[in-house]
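Asks: Predicted structure and sequence below. I'll ask about it afterward.
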Amino acid sequence: MAALGLMLFVPLASATAAAAAPGRTTLADDAVTTAVQQAIQHSNDEQVQAIASRNVSLVADTVTGDYARQLTSTLQDMLDNHVTGIALLGLQWGPITVAADGSSAVVTTYETWRVVSTAGTVDDAPTRNDYTVVLDAGTWKIKSDAQTVGAPTPVAIDTPAPTPTAPSATPTATPTATPTATPTDMPIPTPADMPSGTPADAPSGTPADAPTTEVPEE
């Protein structure tokens, strides 16, 4: 953490203290993962409260041994340098590896903190924390914390959602035009020519060219 231009960090634990218990290690199951994450989150919350209340002893129940003394000393140094508040801006979880006997674990986090002092506000660079946590009377506590300032933060890769395939278009049946029957002109019968000798315009009942009979005078 940075405050008033003074870099204040939790001292790095020794290689011996930072090492997990010997033996084969395995990835944590869900129950252990939840328990160790809660222990680390609780410790971070207590550090915030310790600065706000100016009571560094608040962190004692989440840490053990030498690390407890180191952490309280660091927090007191911050108070002596006019730090009035700290806040955890971001926390990303890395791998959690548990010792074969289940009594300890190594937990990696990437944390970004804000430090507020009478001189202003400073946002620290993301810091990698490699915690060693141990079971102490059935409770997970932090034994050490090795920090790497400015370590690259893993980038979560979003898996693109599959694009639904559009259903193939069902061919639309094109109606076949039904041919329209064209009526054929029927020939109109022409009446046969009338027999010669009968004028077409002759009045009915009067034979055509009827002979005239002369009556002799008496």
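Replies: Yep, it's here. Numbering: from 1, shown residues only.
Asks: residues contacting the closest residue to Lys141 other than its chain neighbours?
Replies: Closest residue in space to Lys141, ignoring its immediate chain neighbours: Thr64 at 4.8 Å, by CB to CB, 6 or more residues apart in numbering. Placement of C-beta: from N, CA and C, glycine included. Shown in contact with Thr64 (CB atoms under 8 Å, 6 or more residues apart in numbering): Val134, Asp136, Lys141, Ile142, Lys143.
Asks: for Ile142, same thing?
Replies: So Ile142 contacts Ala39, Ile40, Ser43, Thr62, Val63, Thr64, Tyr67, Tyr131, Thr132, Val133 (CB under 8 Å, 6+ apart).
Asks: tell me the pLDDT at Thr153?
Replies: Here, the pLDDT recorded for Thr153 equals 79.
Asks: what secondary structure does it sit in?
Replies: coil (DSSP: H, G, I helix; E, B strand; the rest coil).
Asks: Show the backbone phi and psi for it.
Replies: phi -90, psi 130 (degrees, to the nearest 10).
Asks: same check, this time on Gly120
Replies: Residue torsions, per degrees, to the nearest 10, at Gly120 are phi 140, psi -170.
Asks: Could you do Thr33 as well?
Replies: The phi/psi pair for Thr33 (degrees, to the nearest 10) is phi -60, psi -50.
Asks: ok, back up a step: buried ones from the contacts of Thr64, can you make that a PyMOL selection?
Replies: Filtering the contacts of Thr64 down to the buried ones (16 or more other CB atoms under 10 Å) takes a single PyMOL command:
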select buried, resi 134+141+142+143
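Asks: wouldn't Gln37 be in contact with Gly94 here?
Replies: No. Gln37 is beyond contact range of Gly94, at 11.2 Å (criterion: CB atoms under 8 Å).
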